[in-house]
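Engineer: structure for this input, please:
(4 chains)
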Number of protein chains: 2
Amino acid sequence: MRMNTLWPRSRLLRNSRLLRRADAIVDAAASVFAERGYHGTSTQAIADVLGLRQASLYYYFPSKEAALALVCERGVDGFVEAAEAILAGAGTPLEKLTALIGAHLAPNASKRDYVKVFINERRYLADAGRRRIGRKSRRIERCFEEVIRTGIADGSMRAGADVRLTMLAVLGMLNSVINWRAADQEASVARVARELGQLVVAGLVNPVANPAVKPVPARKRA
Amino acid sequence: MRMNTLWPRSRLLRNSRLLRRADAIVDAAASVFAERGYHGTSTQAIADVLGLRQASLYYYFPSKEAALALVCERGVDGFVEAAEAILAGAGTPLEKLTALIGAHLAPNASKRDYVKVFINERRYLADAGRRRIGRKSRRIERCFEEVIRTGIADGSMRAGADVRLTMLAVLGMLNSVINWRAADQEASVARVARELGQLVVAGLVNPVANPAVKPVPARKRA
DNA sequence: ATGCATTTTTATAGACGTATAGAATCTATA
DNA sequence: TATAGATTCTATACGTCTATAAAAATGCAT
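Structural biologist: Numbers count the residues shown, from 1 in each chain, chains lettered A, B, ... in the order given. Below is the predicted model:
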């Protein structure tokens, strides 16, 4: 049964059990952080969610801030990879922008609490963690900038747009979704993505170069 | 000298002095709340900014939360009035939308800390205060919704747009500005307003009904 | 069933945070 | 300058919070 002596079955079991439990702990932390904010939550409140004693949490992380770092880490995880894959893939800048928006909003449904904490609480991370997370944020920002820059360069987007400002505004809009979309309408993230995609693409498209891309065909002719 | 016995000059002086001082106290609270968040700031930290003792603050407000309420109040003050005035005034829906955006962003320069606290920390107000502030927020939201609704009705904006979703997205975008615009470029709020105004208007305009409103004329013909 | 490793609990140190009470100090005016 | 009232200070009660240490309980392999 035992595969080898260096990595016995019991250790595998132990690790997977440990990891599963650690997952549940971080999950609880994420939900309380999301609701009350980092400084607004006590370790007691996290323990309450789990039916654990406050001190027991410290078996899984060395400090409250480490828990925040774990939550933020998982909150941003996947964003960068998805964005860079879209950038590297095929498609026009306008198509890529739409795809970026969809990919950026998708985790709103699947990892709600984690994303919310990443967006709202990452600023409370201490230097080390904040820099790590900051690097990832900047890579996402660069993806959006790159697509906009390319779109302007090839004439498909408005020449006058300020690339950095537009990127910040669009990301600000997308990141706001986590704070206003009601938790109960989980299914509608796709709808939000479609709506915001239309809004942003229509806002950036160059109507001269793209006469066909009328955001939504008017129902009645004038 | 004395105007009357009920309201002696000394009392006038006293009140104006008191109000000025109270203003400075709330100002300090706003700056620390803005930087560290409500739960992240101690009353000690506020007192430090003023060179006052921690306990002395309680001469001016009865609790830390009351200070937050004051800051939030001042943070939202003027928004509603400005927005409703624009709505009631003259202009096409597209013009009014541009004006709303400009008015919504203007306080980013003049009341930076207050606005930031209003945006980021109001959720920590207790019931009474949160409801008061919430009512004002909703009036602002209704202004944006109303303008968009009217624009769609008169054909100047895209028929397909979801009014509520669009309003939330636009406000989310505008409210994000306070968190990413660097504090040192105070002068550029107007530029941000112009850029975001163009983006949103272009995103909502109905190109069929408004062939003239090409967001930015292309420099070179294709 | 026994013994070992893992997980959780109890107990608590020690820092920090809000708020109150009453004394001390300051300021404006008579 | 003496006084009344306004403002700030000292001292502190009292609760809450993070984190540690050691004991207890639990689960697991033999």
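Engineer: spell out which parts of chain A neighbour DNA strand C.
Structural biologist: Within chain A, the positions near DNA strand C by CB under 7 Å from any atom of the strand are A:14, A:17, A:18, A:21, A:51, A:52, A:53, A:54, A:55, A:56, A:59. Placement of C-beta: from N, CA and C, glycine included.
Engineer: the third one: how many residues sit nearby?
Structural biologist: What that stands for is residue A:18. When neighbours are counted by other CB atoms under 10 Å in any protein chain shown, residue A:18 registers 12.
Engineer: any idea how far residue A:48 is from it?
Structural biologist: Residue A:18 sits 22 Å away from residue A:48, going by CB to CB, to the nearest Å.
Engineer: now do residue A:170
Structural biologist: Here the distance between residue A:170 and residue A:48 works out to 38 Å (CB to CB).
Engineer: residue A:95 now?
Structural biologist: 47 Å.
Engineer: helices or strands up against the worst-scoring helix or strand of chain A on mean pLDDT?
Structural biologist: In chain A, the helix or strand scored least confidently by mean pLDDT, DSSP states H and E is helix A:9-36, which has a mean of 84. If contacts are counted by 3 or more CB pairs under 8 Å, 6 or more residues apart in numbering or on different chains; DSSP states H and E, helix A:9-36 sits against helix A:43-50, helix A:64-76, helix A:112-121.
Engineer: now the buried members of the residues of chain A next to DNA strand C.
Structural biologist: Buried members of those, scored by 16 or more other CB atoms under 10 Å in any protein chain shown, are residue A:52.
Engineer: ok, the residues of chain A next to DNA strand C vs DNA strand D, which is closest?
Structural biologist: Taking CB to the nearest atom of the strand as the measure, DNA strand D lies nearest residue A:55 of the residues of chain A next to DNA strand C, at 3.1 Å.
Engineer: so what does that closest one have for phi and psi?
Structural biologist: Torsion angles at residue A:55 (phi, psi; degrees, to the nearest 10) stand at phi -70, psi -20.
Engineer: repeat for the one 5 residues further on
Structural biologist: Residue A:60 has phi and psi values of phi -100, psi -30 when expressed as degrees, to the nearest 10.
Engineer: isn't it up against residue A:21?
Structural biologist: Yes - using CB atoms under 8 Å, residue A:60 is in contact with residue A:21, at 7.3 Å.
Engineer: my guess is residue A:65 meets residue A:125, correct?
Structural biologist: Yes - counting by CB under 8 Å, residue A:125 is a contact partner of residue A:65 at 7.0 Å.
Engineer: neighbour count: the two, which is higher?
Structural biologist: Using other CB under 10 Å as the criterion, residue A:65 and residue A:125 rank with residue A:125 on top: 19 against 15.
Engineer: what number of residues lie near residue A:171?
Structural biologist: 21.
Engineer: who are the neighbours in contact with it?
Structural biologist: Contact analysis of residue A:171 by CB atoms under 8 Å, 6 or more residues apart in numbering or on different chains lists A:104, A:140, A:141, A:144, B:176.
Engineer: what helix or strand does it sit in?
Structural biologist: Assignment of secondary structure by DSSP states H and E places residue A:171 within helix A:163-180.
Engineer: run the chain-centre distance for that helix.
Structural biologist: Taking CA atoms, centre = their mean, to the nearest Å, one finds helix A:163-180 lying 12 Å from the centre of the chain it belongs to.
Engineer: same check, this time on stretch A:126-139
Structural biologist: 14 Å.
Engineer: contacts for it, please.
Structural biologist: For stretch A:126-139, with CB under 8 Å, 6+ apart as the criterion, the contacting residues are A:65, A:68-69, A:72-73, A:76, A:79-80, A:83-84, A:118, A:122-123, A:125.
Engineer: one more time with 7 Å
Structural biologist: Stretch A:126-139 is contacted by residues A:65, A:69, A:72, A:76, A:80, A:122, A:125 when judged by CB atoms under 7 Å, 6 or more residues apart in numbering or on different chains.
Engineer: now render those residues as JSON lines, adding distance to residue A:149 and pLDDT.
Structural biologist: Output for the contacts of stretch A:126-139, formatted as JSON lines (distance: CB to CB, whole Å; pLDDT from 0 to 100):
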{"residue": "A:65", "distance to residue A:149": "37", "pLDDT": "97"}
{"residue": "A:69", "distance to residue A:149": "32", "pLDDT": "97"}
{"residue": "A:72", "distance to residue A:149": "28", "pLDDT": "97"}
{"residue": "A:76", "distance to residue A:149": "23", "pLDDT": "94"}
{"residue": "A:80", "distance to residue A:149": "18", "pLDDT": "95"}
{"residue": "A:122", "distance to residue A:149": "26", "pLDDT": "97"}
{"residue": "A:125", "distance to residue A:149": "30", "pLDDT": "97"}
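Engineer: what about those residues, which one has the most neighbours?
Structural biologist: Among the contacts of stretch A:126-139, the one with the most neighbours (other CB under 10 Å) is residue A:72, at 28 neighbours.
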